[in-house]
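Peer 1: I'll drop the sequence and a predicted model, then ask my questions.
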Amino acid sequence: MSAYCYRKQFPLRYTDFDFKDELSLTSLLGIIQEAATGSADELGFGYADLKPKNYGFLVVNTYGEIYRRPVFGETLTVETWPLPPRHVFFERDYRVLGGDGQPVAAAASRWCLVDLASFSLLTGEALGEANANCPYNPEKSLSVLTWKVPRLKEGKEVYRTIARQSLCDHYLHVNNTRYADLFLDCLTMAELEGKTLRSFHIAYSKQAREGSELVLSAECGGERLLAEIECEGESLTQGEFIFAPTGKRGEKA
């Protein structure tokens with residue numbers, strides 16, 4: 001029997017692209033997590049399955065590599081599967097294929113299952129039969145050397161913003177995909193022009209709720225952006241982004 005893999009297609013919209021006509025990181029994160037949601041629903045531990053127990057999955061890390069830039073009108077296929085749990089960590093990997101069937105990107109994520117009343121961490125046993133019968137797939141889509149994002153050493157504050165309701169999801173905190181925009185806003189259009197994102201790693205430590213003041217600090221050097229978001233002096237989220245040089249907008253990639 002072949003290993004479990006959930007597949008879903010995503011036609012790309014104009015609103016999925018940024019000012020350089022590249023698929024935005026927020027859109028990429030959005031489609032892989034839509035696929036993850038479909039897979040979880042299929043396996044019996046989706047949002048509707050966990051809500052009566054007041055349980056929820058919260059992402060801890062997302063690491064990804066981008067191999068080429070998708071184009072307007074292209075339909076991407078996301079493949080995803082859960083790996084065997086490691087105590088309180090639930091890993092999930094993704095492959096993103098282009099319209100030609102060739103890889104566009106790959107990603108890996110780690111999640112924690114929590115009791116939403118106490119935010120205590122739960123193991124796979126809390127999922128009951130869904131865990132016992134889950135066809136976990138140990139295949140890795142890419143290698144993650146470390147789940148730790150380097151901390152800032154000489155970072156400078158870039159900007160501050162307030163977490164408004166439009167950033168929040170059904171858990172009433174800033175949705176994890178929206179941090180990509182917050183981090184990349186540490187760079188201007190001029191600084192991003194001539195660069196294309198090749199890899200990203202976002203680590204989530206704490207939640208930010210509506211009304212929280214978010215302080216963005218960053219170190220920018222060469223083709224690397226290292227950034228951190230703090231709230232009330234505590235680190236919430238860290239991000240590392242690696243770019244490669246490319247042509248200016250309108251030039252052939």
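Peer 2: Arrived safely. Numbering: from 1, shown residues only.

Peer 1: Return the distance of stretch 157-170 from the chain's centre.
Peer 2: 17 Å (C-alpha atoms, centre = their mean, to the nearest Å).

Peer 1: what about it, average pLDDT?
Peer 2: Across stretch 157-170, the average pLDDT comes to 94.

Peer 1: tell me which residues in that stretch are buried?
Peer 2: Going by neighbour count (16 or more other C-beta atoms under 10 Å), the buried part of stretch 157-170 is Ala163, Leu167, Cys168. C-betas here are computed from N, CA, C, even on glycine.

Peer 1: quick one: the first one from Pro138, how far?
Peer 2: Read it as Ala163. 37 Å (C-beta to C-beta, to the nearest Å).

Peer 1: same thing with the second one?
Peer 2: From Leu167 across to Pro138, the span is 35 Å (C-beta to C-beta).

Peer 1: where exactly do the helices run in the protein?
Peer 2: Here the chain has its helices, by DSSP state H, at 25-43, 47-50, 129-132, 178-184, 189-192.

Peer 1: closest to Val59 out of those?
Peer 2: Closest approach to Val59 among the helices of the chain (C-beta to C-beta): helix 25-43, 8.1 Å.

Peer 1: For that closest one, what does the pLDDT average out to?
Peer 2: 97.

Peer 1: Packing partners of it?
Peer 2: Applying 3 or more C-beta pairs under 8 Å, 6 or more residues apart in numbering; DSSP states H and E, one finds that helix 25-43 makes contact with strand 6-11, helix 47-50, strand 55-66, strand 75-82, strand 90-97, strand 103-115, helix 178-184.

Peer 1: These: which one's closest to Leu29?
Peer 2: Of these, nearest to Leu29 by C-beta to C-beta is helix 178-184, at 5.9 Å.

Peer 1: Let me see the mean pLDDT of that closest one.
Peer 2: pLDDT averaged over helix 178-184 gives 96.

Peer 1: Show me which positions of it end up buried.
Peer 2: Arg178, Tyr179, Ala180, Leu182, Phe183, Leu184.

Peer 1: Contact partners for the fourth one?
Peer 2: To tie it back to what came earlier, the one meant is Leu182. Thr161, Leu214, Leu216, Ile229 (C-beta atoms under 8 Å, 6 or more residues apart in numbering).

Peer 1: Return the members of these classed as buried.
Peer 2: Buried among these (16+ other C-beta under 10 Å): Leu214, Leu216, Ile229.

Peer 1: Dig out what the second one forms beta bridges with.
Peer 2: Right, Leu216. Tyr159, Ile229 (DSSP bridges).

Peer 1: Name the spans of the protein whose pLDDT lies under the cut-off.
Peer 2: Applying pLDDT under 70 to the chain picks out residues 1, 247-253.

Peer 1: Show me the domain layout of it.
Peer 2: Listed by automatic domain parsing, the domain ranges of the chain are 1-140, 148-253.

Peer 1: ok, back up a step: would you reformat the helices of the chain as CSV and include distance to Glu154?
Peer 2: Below are these laid out as CSV (distance: least, C-beta to C-beta, whole Å):
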stretch, distance to Glu154
helix 25-43, 24
helix 47-50, 41
helix 129-132, 44
helix 178-184, 17
helix 189-192, 18
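
Peer 1: To Val149, which of those helices lies closest?
Peer 2: helix 178-184 (10.8 Å).

Peer 1: and which of the buried residues of helix 178-184 is nearest Gly46?
Peer 2: For the buried residues of helix 178-184, the nearest to Gly46 is Arg178 (21.3 Å; C-beta to C-beta).
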